[in-house]
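Novice: Sequence first, then the predicted structure:
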Amino acid sequence: MSTNQKLIFIMIDGLRYDTAVKNMGYLHHLVEKGQASRYKVISEVPSMSRPLYEVLLTGTPPHQNGITSNHVVQLSKEESIFHLTKKNGLSNATASYHWVSELYNSAPFDPMKDRIQLNAEKPIENGIFYWEDHYPDSHLFADAQYLLESKSPDFLYVHSMNVDDDGHKFTGDSAGYRNRVIAVDTLMATILPRWLKEGYQIIITADHGMNDDGQHGGTTPEDREVPLFIISDKVETGFFDIEVPQLQIAPLVCELLMIEPSAVMKKLEIQGVK
């Protein structure tokens, strides 16, 4: 495991907690063998994607940051993890859905111009963005690997979409959804050992879950409960039977990167963080 401040943040869109617990064998292998920790996170509401991207990356709730629905297409007015890494002399990169570019680099997204943004003079310094929800996770992780090899970022944000896409197609209670969760766990079993060898800490979480109607946005456990896995020497390993508010994720990222959180982020209070 890493002892430095480099961090890869993997956000698996639409991954609900109970499905992760039952189907992500590789990540649970790491927890069982004392290499990782697992928590349950309770998302903010509305449990919709764009508002929760902003929650995860700025540590601010929707009523405060103004990103209250998927239809609010505008640059964030908050200080994100991308802003904070640059402010503290760290480098950043992302392989993400195009809404991340719209929040922090350029809105609205122009696929012909904004798909690849390298050496940008913007909060996100290096980004590769996709806009089709079925863009393969295998390609996404390859994009992330390219950014890691070519840019060696201190902070790399990887945003996977296939679990959410299959949840909408087949519902959260379906073989299609569960099998996609197994598929992304298998992808991580291939790539995470390589990234850990490169000296990165890793966290894995989700924006929201997926209900049995193939939707999210409400207040049920299926909508709001998502997993958090942490692989870092700065956090005790094991299964933590506690609920972590989603507003704690951004200050956690700052703690692992060893940078000051923004003035509006909550104080970090996650059990097990050393």
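Specialist: All right, it came through fine. Residues are numbered from 1 along each chain as shown.

Novice: For the protein, which segments count as helices?
Specialist: Applying DSSP state H to the chain gives helices spanning 17-23, 25-32, 49-58, 62-65, 81-87, 98-104, 111-114, 137-151, 162-170, 175-197, 221-224, 249-257.

Novice: Just say which of the ones you listed is most tucked in.
Specialist: Comparing the helices of the chain by mean neighbour count (mean count of other CB atoms under 10 Å), helix 49-58 comes out on top with a mean of 26. In this view, the C-beta of every residue, glycine as well, is placed from N, C-alpha and C.

Novice: and that helix, what does it pack onto?
Specialist: Helix 49-58 is packed against helix 62-65, helix 81-87, helix 98-104, helix 249-257, with contacts defined by 3 or more CB pairs under 8 Å, 6 or more residues apart in numbering; DSSP states H and E.

Novice: show me the contacts for the nearest residue to V184 once chain neighbours are set aside.
Specialist: Nearest residue to V184, sequence neighbours excluded (CB to CB, 6 or more residues apart in numbering): D137, at 5.5 Å. D137 sits next to 160-162, 183-184, 187 when contact means CB atoms under 8 Å, 6 or more residues apart in numbering.

Novice: can you do 7 Å?
Specialist: 160, 162, 184, 187 (CB atoms under 7 Å, 6 or more residues apart in numbering).

Novice: mind putting the residues you listed in a markdown table, pLDDT included?
Specialist: Below are the contacts of D137 laid out as a markdown table (pLDDT from 0 to 100):
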| residue | pLDDT |
| --- | --- |
| S160 | 98 |
| N162 | 98 |
| V184 | 98 |
| L187 | 98 |
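
Novice: re earlier: nearest to F239, of the helices and strands packed on helix 49-58?
Specialist: helix 249-257 (17.4 Å; CB to CB).

Novice: tilt between that closest one and helix 49-58?
Specialist: If you take axes from the mean of the first three to the mean of the last three CA atoms, to 10 degrees, helix 249-257 sits at 40 degrees to helix 49-58.

Novice: contact partners of helix 249-257?
Specialist: Applying CB under 7 Å, 6+ apart, the contact partners of helix 249-257 are 5, 7, 9, 56-59, 81, 84-85, 90, 154-155, 201, 205, 232, 234, 260-261, 265-266, 268, 270, 273.

Novice: Export the helices of the chain to CSV and append columns for distance to I128.
Specialist: Below are the helices of the chain laid out as CSV (distance: least, CB to CB, whole Å):
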stretch, distance to I128
helix 17-23, 25
helix 25-32, 24
helix 49-58, 16
helix 62-65, 25
helix 81-87, 14
helix 98-104, 10
helix 111-114, 10
helix 137-151, 4
helix 162-170, 16
helix 175-197, 15
helix 221-224, 29
helix 249-257, 20
